[in-house]
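K.L.:
The sequence and its predicted three-dimensional model are supplied below.
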Amino acid sequence: MKNSAHWHFVSLEEVAEIQTGLSKSASRQGEFVAMPYLRVANVQDGHFDLTEIKEIDVPKDSVERFRVRPGDVLLTEGGDFDKLGRGSVWRGEIEHCVHQNHIFVVRPNPKKLDERFLAYQTQGPRGRAYFQSCSKQSTNLASINSSQLRQFPTALPPLPEQRKIADILSTWDEALEKLDSLITAKDRRKQALMQQLLTGKTRVKGFDSSRGKTKSDRFGVYPGDWRKVALADIIEEVSARNADSQNLPVLSCTKHRGLVLSEEYFGKRVHAEDTSGYRVVRRGEFAYATNHIEEGSIGYQNLVDAGLVSPIYTVFKTKGDIDDNYVFRVFKSPLLIHFYQINTSASVDRRGSLRYDEFSRIRIWLPSKPEQLAINAILDTADQELTLLRTQRNALDQQKRGLMQRLLTGKVRV
């Protein structure tokens, strides 16, 4: 290990050009050319999402001014508080591309600053802390301006050391990318398995004696030993209110994670101070926000003995011989989300909400309780595999960030 005697800090503008982007202004005049352009949605934390690329008309005499070049570091000016200043190194993934005004292009002087080393600085703990300290903040959002970016205190070790540090961190990124690819593949396999098992297209061994006897409706063909029921036959609404103003934790429902502890998830209190009118949701009950269910935002309460949800939520529980975990998977399935969307658009108040009486009329196909449990056991195994991979991924990411903290400050020399 060596000391950091050859390290010093400079303002970013001393070792790089900072380029602002093209605004979507309708008042521009002259001759234009249509070009692909990068938006905030395309610039992620450490990578790019190029699944949807839009075009914009660029004045011909300004094309070079807004062009993105290989080796540029692209950073967002704002967004979610925890993603402020996110970005990555552009490698020319799209030829002849420009960027919008909510993205900064930083073009390092190649004789002084390695672009990968700079990108890791902005992604690291010190970079995050700087951007958050000088940002303009509002509810869950923050932004920085070009002047603040120009003053970013940039660590400047010798160029060979910058490249070596970037090489080391790139190795960790490659390992994370491999895990991400594996997680994506496993998740797709699980989704396909759910689609097959929850519709009876694939039967669990021991429950396929009635194969060949089928029923059908406009949404597909189902096993003959499954029964079609309205949700009202297997669930009942729960209307308990927080009348005694109990000091219970407030929960929120998310699209992917279901119910979460609100303050823990958002990092602060986002609910009303007075929760006397909130609904009580006990362990083993379900809840959904009536105005967001079309996205699949429905949750199963297995976090605390009792919690609270906003008055806009609907709370219900199962009744009869039903496995809660199985039916929750059905509630989150693509077919049910499709039903939510159909019923939401046709709701009587037409305000994009789904009330319980409309929700409870949705009909589903239901296997016997033993088959519900068998299907759930298979899907539980798939969930456990994904949980293990995501735990490994999070641990690897934490190790990388700890290494960044040491390498990017000169505490550990290479």
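P.N.:
Here it is on my side, so go on.
K.L.:
Report the central residue of the protein.
P.N.:
The centre of the chain sits closest to His256, judged by CA atoms, centre = their mean, with a distance of 8.1 Å.
K.L.:
what about that one, distance to Ile298?
P.N.:
Counting by CB to CB, to the nearest Å, the gap from His256 to Ile298 is 11 Å. The C-beta positions use only the backbone N, C-alpha and C, and glycine is treated the same way.
K.L.:
Same check on Glu273?
P.N.:
For Glu273, the distance to Ile298 - CB to CB - is 27 Å.
K.L.:
where along the stretch 151-300 of the chain do the strands fall?
P.N.:
With strands called from DSSP state E, counting those that start in this stretch, the stretch 151-300 of the chain shows them at 153-155, 214-217, 220-223, 227-230, 235-238, 251-254, 258-261, 279-282, 286-289, 298-300.
K.L.:
need these in JSON lines with mean neighbour count, distance to Glu77 and mean pLDDT, can you?
P.N.:
Shown next, in JSON lines, are the strands of the stretch 151-300 of the chain (neighbours: other CB atoms under 10 Å; distance: least, CB to CB, whole Å; pLDDT from 0 to 100):
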{"stretch": "strand 153-155", "mean neighbour count": "20", "distance to Glu77": "18", "mean pLDDT": "95"}
{"stretch": "strand 214-217", "mean neighbour count": "12", "distance to Glu77": "50", "mean pLDDT": "81"}
{"stretch": "strand 220-223", "mean neighbour count": "16", "distance to Glu77": "47", "mean pLDDT": "84"}
{"stretch": "strand 227-230", "mean neighbour count": "14", "distance to Glu77": "50", "mean pLDDT": "93"}
{"stretch": "strand 235-238", "mean neighbour count": "17", "distance to Glu77": "45", "mean pLDDT": "97"}
{"stretch": "strand 251-254", "mean neighbour count": "22", "distance to Glu77": "26", "mean pLDDT": "91"}
{"stretch": "strand 258-261", "mean neighbour count": "20", "distance to Glu77": "28", "mean pLDDT": "92"}
{"stretch": "strand 279-282", "mean neighbour count": "22", "distance to Glu77": "39", "mean pLDDT": "96"}
{"stretch": "strand 286-289", "mean neighbour count": "23", "distance to Glu77": "31", "mean pLDDT": "94"}
{"stretch": "strand 298-300", "mean neighbour count": "23", "distance to Glu77": "34", "mean pLDDT": "94"}
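K.L.:
As TSV, these with distance to Gln121 would be great.
P.N.:
Shown next, in TSV, are these (distance: least, CB to CB, whole Å):
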stretch	distance to Gln121
strand 153-155	6
strand 214-217	58
strand 220-223	53
strand 227-230	58
strand 235-238	51
strand 251-254	32
strand 258-261	32
strand 279-282	44
strand 286-289	40
strand 298-300	39
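K.L.:
Asn394 is nearest to which of those?
P.N.:
strand 258-261 (16.6 Å; CB to CB).
K.L.:
name the helices or strands packed onto the closest one?
P.N.:
If contacts are counted by 3 or more CB pairs under 8 Å, 6 or more residues apart in numbering; DSSP states H and E, strand 258-261 sits against strand 251-254, strand 298-300, strand 306-309.
K.L.:
tell me what the last one is packed against?
P.N.:
This points to strand 306-309. strand 251-254, strand 258-261, strand 279-282.
K.L.:
redo that, cut-off 6 Å
P.N.:
For strand 306-309, the packing partners by 3 or more CB pairs under 6 Å, 6 or more residues apart in numbering; DSSP states H and E come out as strand 279-282.
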